[in-house]
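I'd like to go over a predicted model; first the sequence, then the structure.
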There are 2 protein chains.
Amino acid sequence: MPRAKQRTPELREQVLAAALELLAREGAAGLTARGLARAAGTSPPAVYELFGDKGGIVRAVFFEGFRRLHAELREVGQTQDPRADLLALSERYRAFILANPVLAEVMFSRPFTDFEPSADERRAGASVRVLVIGAVRRCVEAGVLRGDETDVAHVLVALVQGLALAENARRLGRRRGSVQRRWRLALEALIDGLGGERAGTRARI
Amino acid sequence: MPRAKQRTPELREQVLAAALELLAREGAAGLTARGLARAAGTSPPAVYELFGDKGGIVRAVFFEGFRRLHAELREVGQTQDPRADLLALSERYRAFILANPVLAEVMFSRPFTDFEPSADERRAGASVRVLVIGAVRRCVEAGVLRGDETDVAHVLVALVQGLALAENARRLGRRRGSVQRRWRLALEALIDGLGGERAGTRARI
DNA sequence: GGCATACTGTAACACTGTTTCGTAACAATG
DNA sequence: CATTGTTACGAAACAGTGTTACAGTATGCC
């Protein structure tokens, strides 16, 4: 009897795509309910029916960001050199954050007062870390790294995120060369340290 | 002839103190112009005369955060063991971020759409890094670390911030033991790697 | 007391997120 | 084909932001 519904999952996809574009183009401040509705050719109430509230919009962007990062990282293949593979993975991670600075903020910082990632959302991050864990495992098997895979993956991801956030905030140095040098120094040193005989045998902090 | 001014630097101090308390108590969302004025016993226009705009409030909080972090880290003394001093510095850094989670967000993430730290503000971070650079220098002199002090300091700070942000977001593990283990593993491995003979001599990424 | 000065905070503006509710579009019926 | 009963839609309203204009007022001087 009633008219056909327009606020379908398909529209949700369109609005989500518009949200990512709007976010990248106008920054976090540009992602408003009205602006998003206008950009997607629909109305604010439609956005609210599809996403619940503002936090729902940001949450959807958050998940989409991890989906894309995961897809990006999965493309990094495996060679005979697991150490090089791990570095390539970091490089992709860095490239993704540099190519999508605002999206990365949504994923790793909290530029919106609303949305706060909780237990469910943390699994999105974990889904990316399993890829790192795989690369770490191959390094362990090749004798490049030693220690618990999960621990080592956590540590590596933390370093990469710390570097990426610093670079994004232009805190890692002014000249491109300095930034590049610090990235290389950091990754090589950490990997060397994680592979060394002394790792884990030092005195407590 | 006119009445005595109330919107003095002293009031600014009071309002800033109220802002830090409000931020810690109510989170980033609770820091509003009206709420701050009420908490400090004054009016919104007074806040605007003292801080310019919302970004000015956040900027003042940002600087005050670095001032406090700097004061905190300066308390870490020097012993005969520069490596232990460096670890103690990291531990203080971590403790500060854990004790002031929302303040740390303002300092290292960007929970407010307004304020974006620019060149001037980056020096606030640098003022903290010089303390790390000092500790690094003593490690280099003792043969614990090798390489450029500034580069090494950048790398260490990036790792600590990455770990701290992950821990803050509960991304570094559920159990306290896991988190603690990963912190130790990360710091020791990085320091070991930065002190190793191979550091800096590896192939390019 | 009257007056001039300039400080103060109320009340307004334009913008958010969010929801209500009159309108309109359909499918089934007579 | 006209009527009716559903129900989806979005303009408009509400509450709460950042921000500012300006009426009101406290103060010291004559």
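Perfect, thanks for sending it.

Mean confidence (pLDDT) on stretch A:115-128, please.
For stretch A:115-128, the mean pLDDT works out to 85.

So which bits of that stretch are buried?
A:F115, A:P117, A:E121, A:A124, A:G125, A:V128 (16 or more other C-beta atoms under 10 Å in any protein chain shown). (Glycine included, C-beta is placed from N, CA and C.)

mind checking how far A:R7 is from A:E64?
Separation of A:R7 from A:E64 (C-beta to C-beta, to the nearest Å): 19 Å.

More neighbours: those two, which one.
Neighbours were counted for A:R7 and for A:E64 using other C-beta atoms under 10 Å in any protein chain shown; A:E64 has more, 19 against 16.

which helices and strands does the longest helix anywhere in chain A pack with?
Taking DSSP state H as the criterion, chain A has its longest helix at helix A:119-141. Secondary-structure packing of helix A:119-141 (3 or more C-beta pairs under 8 Å, 6 or more residues apart in numbering or on different chains; DSSP states H and E): helix A:54-74, helix A:82-99, helix A:149-168.

Using a markdown table, please lay out those helices together with distance to DNA strand C and mean pLDDT.
Shown next, in a markdown table, are the helices and strands packed on helix A:119-141 (distance: least, C-beta to the nearest atom of the strand, whole Å; pLDDT from 0 to 100):
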| stretch | distance to DNA strand C | mean pLDDT |
| --- | --- | --- |
| helix A:54-74 | 3 | 97 |
| helix A:82-99 | 24 | 97 |
| helix A:149-168 | 23 | 96 |
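
Could you look up the SS state of A:A18?
Following DSSP: H, G, I helix; E, B strand; the rest coil, we place A:A18 in the helix state.

give the contact list for it.
A:L36, A:A39, A:A40 (C-beta atoms under 8 Å, 6 or more residues apart in numbering or on different chains).

Mind doing that once more with 10 Å?
A:L31, A:G35, A:L36, A:A37, A:R38, A:A39, A:A40, A:G41, A:T42, A:V47 (C-beta atoms under 10 Å, 6 or more residues apart in numbering or on different chains).

Looking at these, which is nearest chain B?
Closest approach to chain B among those (C-beta to the nearest C-beta): A:L31, at 9.2 Å.

My read is that that closest one contacts A:A60, right?
No. With contact defined as C-beta atoms under 10 Å, A:L31 does not count as touching A:A60 (11.3 Å).

anything in contact with each of those two?
A:A19, A:L20.

Which one's more surrounded, those two?
A:L31 (26 against 20).

The closest residue to A:E21 other than its chain neighbours and A:A104, how far apart?
Leaving out its chain neighbours, the residue that sits closest to A:E21 by C-beta to C-beta, 6 or more residues apart in numbering or on different chains is A:A39, at 7.3 Å. Plainly put, A:A39 is 21 Å away from A:A104 if you go by C-beta to C-beta.

and stretch A:91-108, does that touch chain B?
Yes. Interface with chain B: stretch A:91-108 contributes A:E91, A:R94, A:V102, A:E105, A:F108 (C-beta under 10 Å from any C-beta of the partner chain).

in that stretch, what's buried?
A:92-94, A:96-97, A:100, A:102-108.

swap in stretch A:46-64?
Going by 16+ other C-beta under 10 Å, stretch A:46-64 has these buried residues: A:46-48, A:50-51, A:54, A:57-64.

and which of these is nearest to B:G195?
A:F62 (38.4 Å; C-beta to C-beta).

so what's the closest one up against?
A:G55, A:L103, A:V106, A:M107, A:F108, A:F112, A:F115, A:P117, A:E121, A:A124, A:G125.

Would you reformat the residues you listed as a markdown table and include distance to A:A71?
Shown next, in a markdown table, are these (distance: C-beta to C-beta, whole Å):
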| residue | distance to A:A71 |
| --- | --- |
| A:G55 | 25 |
| A:L103 | 13 |
| A:V106 | 17 |
| A:M107 | 14 |
| A:F108 | 18 |
| A:F112 | 24 |
| A:F115 | 22 |
| A:P117 | 20 |
| A:E121 | 18 |
| A:A124 | 13 |
| A:G125 | 15 |
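
Which one of these is nearest to A:A142?
Distances from A:A142 to these, taken by C-beta to C-beta, are shortest for A:G125, at 26.1 Å.

quick one, what contacts that closest one?
So A:G125 contacts A:F62, A:F66, A:L69, A:M107, A:F108, A:P117, A:V157, A:Q161, B:A166, B:A169, B:R171 (C-beta under 10 Å, 6+ apart).

same for whatever helix or strand the fourth one lives in, what does it pack against?
Put plainly, it is A:M107. Element membership for A:M107 (DSSP states H and E) is helix A:101-108. Applying 3 or more C-beta pairs under 10 Å, 6 or more residues apart in numbering or on different chains; DSSP states H and E, one finds that helix A:101-108 contacts helix A:9-26, helix A:54-74, helix A:82-99, helix A:119-141, helix A:149-168, helix B:149-168.

near DNA strand C at all, the helix or strand that the first one is followed by?
Using DSSP H and E, the helix or strand that follows helix A:9-26 in sequence is helix A:33-39. Yes. Contact of helix A:33-39 with DNA strand C (C-beta under 7 Å from any atom of the strand) involves A:A33, A:R34, A:G35.

Quick one: neighbours of whichever residue of chain A sits closest to chain B, just the number.
Nearest residue of chain A to chain B, counting by C-beta to the nearest C-beta: A:G162, 2.4 Å away. Neighbour count of A:G162, defined by other C-beta under 10 Å: 27.

ok, the spatially closest residue to it that is not a sequence neighbour - contacts?
Nearest non-adjacent residue to A:G162, counting by C-beta to C-beta, 6+ apart: B:G162, 2.4 Å away. Counting by C-beta under 10 Å, 6+ apart, B:G162 makes contact with A:108, A:155-166, A:186, B:108, B:172, B:186.

For PyMOL, write the select line for the buried members of those.
If you want just the buried ones from those in PyMOL, going by 16+ other C-beta under 10 Å, the selection is:
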select buried, (chain A and resi 108+155+156+157+158+159+160+161+162+163+164+165+166+186) or (chain B and resi 108+172+186)
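
wait, which of the residues of stretch A:91-108 next to chain B is closest to A:V136?
Of those, the one sitting nearest to A:V136 (C-beta to C-beta) turns out to be A:E91, at 15.7 Å.
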